[in-house]
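*Asks:* any chance you could fold what I've pasted below:
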Amino acid sequence: MRFLDETTLQDAFVRLEPLDHAHADELSRAAATLTPAWYTSVPTADEVPAEIDRRLALREAGAMNPFAVRRLHTGEVVGMTTFCTIDQPNRRVEIGYTWIGAPAQGTEVNPAMKRLLLGHAFDACDAIAVALMTHFHNRQSRAAIERLGAKLDGILRSHRIMPDGSLRDTAAYSILPHEWPAVRSGLDARLAER
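*Replies:* Down below sits the predicted model:
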């Protein structure tokens, strides 16, 4: 398979559905539960339809494969995630542009979502590297990425211009195929406790 192939990924906790305009109302409700920090770029409830348009345009351009995240415990769509920075010839991909509504944070959703995405990348798409990147100051995201077992590759200084014009230093992490079995075991153990 290719990173861009539309697919639905599901386990006992979440279903990652190809992003569609039909998800807009539920995603707007999930976005309304968030208080965005200055170092994040999560859409507001009103911005969700435009964000869906943007992600679908990137899918059409071959640059992103976006998903809506459905929490099976409640049946609700609680956020978005993507395969992005797709480099199919070199079998590299990034998991990014992820956000989850406040009620689903700290639950089974993030580890289950990452388990599905990483499993698909390594087992179905034969990835040689999966990247995860976040703002240097996003301590919550960095801690979650480090809990996965991803390794810090470095800090990309002045990597992006943020919507407010400030410069973002990006903490760049990755997981390699020989690391995937340990990462998978760690995620499976976390999910077994749920």
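
*Asks:* can you name every helix or strand that the helix-or-strand element of the chain with minimal mean pLDDT contacts?
*Replies:* One helix or strand of the chain scores below all others by mean pLDDT, DSSP states H and E: helix 139-148, with a mean of 93. Applying 3 or more C-beta pairs under 8 Å, 6 or more residues apart in numbering; DSSP states H and E, we find helix 139-148 packed against helix 109-119, strand 129-135, strand 167-175, helix 180-192. Every C-beta, even on glycine, is put in place using the N, C-alpha and C of the backbone.

*Asks:* in JSON lines: these, plus distance to Tyr39, mean neighbour count and mean pLDDT.
*Replies:* Below are these laid out as JSON lines (distance: least, C-beta to C-beta, whole Å; neighbours: other C-beta atoms under 10 Å; pLDDT from 0 to 100):
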{"stretch": "helix 109-119", "distance to Tyr39": "18", "mean neighbour count": "23", "mean pLDDT": "97"}
{"stretch": "strand 129-135", "distance to Tyr39": "4", "mean neighbour count": "22", "mean pLDDT": "97"}
{"stretch": "strand 167-175", "distance to Tyr39": "7", "mean neighbour count": "19", "mean pLDDT": "97"}
{"stretch": "helix 180-192", "distance to Tyr39": "25", "mean neighbour count": "14", "mean pLDDT": "96"}
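
*Asks:* closest to Glu6 out of those?
*Replies:* Nearest of the helices and strands packed on helix 139-148 to Glu6, taken as C-beta to C-beta: helix 109-119 at 14.2 Å.
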